[in-house]
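Enquirer: Curious how this folds, go ahead:
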Amino acid sequence: LITSTVFKTAAFNRSATSPQTAIINIPDNKGSVNDSRRQVVSVCNTVLKYLCLKGEVFLNEKESRRLPVMEQVLAGRLSTREAAQLLGLSQRHIKRLKTGLKKEGASFLAHKNRGRKPAHAISDQTKQTVIELVTTNYGNISYQQISKLLAEHHDINISAKSVSRILKAADLPRYHSRKKTSKCRSRDHSPQ
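Expert: Below you'll find the model as predicted:
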């Protein structure tokens, strides 16, 4: 059996105005529900990556909810005041969205930082240096100690939490047990 799943993406070319629909055929292997869900998610992610490589723009749920309302505003069926109330935005923002939609199409609704690496992100070179230093120089010490040693000896100023994220991503987690809290034994009270 083949299960046919309709996967509707909010993918837009710079000139397109309507979402594209992809029909994905997934063989039914009579496995568990989680297996079939994983297959659907895997195939959907593959489709999204393919469309991203083609220069498509994707809208998240919040952005895609704005599209039909804004199309009605552009068609003149809704006023900016009504659209502002429906979307929970100001009238000024609705006017800005309206002019952007006229110029760029539906891709204007997508956040412009999508797909960019943050400016304050730790570089891959720094991550690799941290991993090398920890595996060669620093034995079984905590993230906090590693962070201090990196700052003192190597001029790498990153937090202990960042060190933990880097090492966990590289499959080098540290396991430090905390001292168990000892329970106070209750003493017997003698009757008075």
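
Enquirer: Do I have it right that Leu78 meets Gln72?
Expert: Yes - using CB atoms under 8 Å, Leu78 is in contact with Gln72, at 4.3 Å. In this view, the C-beta of every residue, glycine as well, is placed from N, C-alpha and C.

Enquirer: Let me see the confidence value for the nearest residue to Leu109 once chain neighbours are set aside.
Expert: Nearest residue to Leu109 in three dimensions, chain neighbours excluded: Glu63, at 4.6 Å (CB to CB, 6 or more residues apart in numbering). For Glu63, the pLDDT comes out at 83.

Enquirer: Please identify which helix or strand holds Glu63.
Expert: Take DSSP states H and E as the rule and Glu63 turns out to sit in helix 61-75.

Enquirer: Quick check: what element follows that helix along the chain?
Expert: Using DSSP H and E, the helix or strand that follows helix 61-75 in sequence is helix 80-87.

Enquirer: Where does pLDDT dip in this structure?
Expert: 1-57, 176-179, 192 (pLDDT under 70).

Enquirer: And stretch 91-106, what's buried?
Expert: 94, 97-98, 101, 105-106 (16 or more other CB atoms under 10 Å).

Enquirer: Would you mind checking which of those is nearest to Ser147?
Expert: Using CB to CB, Leu97 is the member of the buried residues of stretch 91-106 that sits closest to Ser147, with 44.0 Å.

Enquirer: Alpha carbons only: can I get stretch 172-189 in PDB?
Expert: Written as PDB, here are the backbone C-alpha positions of stretch 172-189 (Å, rounded to 0.1, in the frame of the first residue of the first chain):
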ATOM      1  CA  LEU A 172      32.100  15.000  24.600                       C
ATOM      2  CA  PRO A 173      29.800  15.700  27.600                       C
ATOM      3  CA  ARG A 174      31.200  16.000  31.100                       C
ATOM      4  CA  TYR A 175      29.600  14.100  33.900                       C
ATOM      5  CA  HIS A 176      30.300  15.600  37.200                       C
ATOM      6  CA  SER A 177      28.300  14.300  40.100                       C
ATOM      7  CA  ARG A 178      27.300  16.700  42.700                       C
ATOM      8  CA  LYS A 179      27.700  15.900  46.300                       C
ATOM      9  CA  LYS A 180      24.600  14.300  47.700                       C
ATOM     10  CA  THR A 181      22.800  16.300  50.200                       C
ATOM     11  CA  SER A 182      22.700  14.400  53.400                       C
ATOM     12  CA  LYS A 183      19.500  14.200  55.200                       C
ATOM     13  CA  CYS A 184      19.600  15.100  58.900                       C
ATOM     14  CA  ARG A 185      18.500  12.200  61.000                       C
ATOM     15  CA  SER A 186      15.600  13.100  63.200                       C
ATOM     16  CA  ARG A 187      16.400  12.400  66.800                       C
ATOM     17  CA  ASP A 188      14.000  10.700  69.100                       C
ATOM     18  CA  HIS A 189      12.300  13.100  71.400                       C
END
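
Enquirer: can you map out the strands along the protein?
Expert: For the chain, the strands defined by DSSP state E occupy 2-9, 11-12, 20-27, 57-58.
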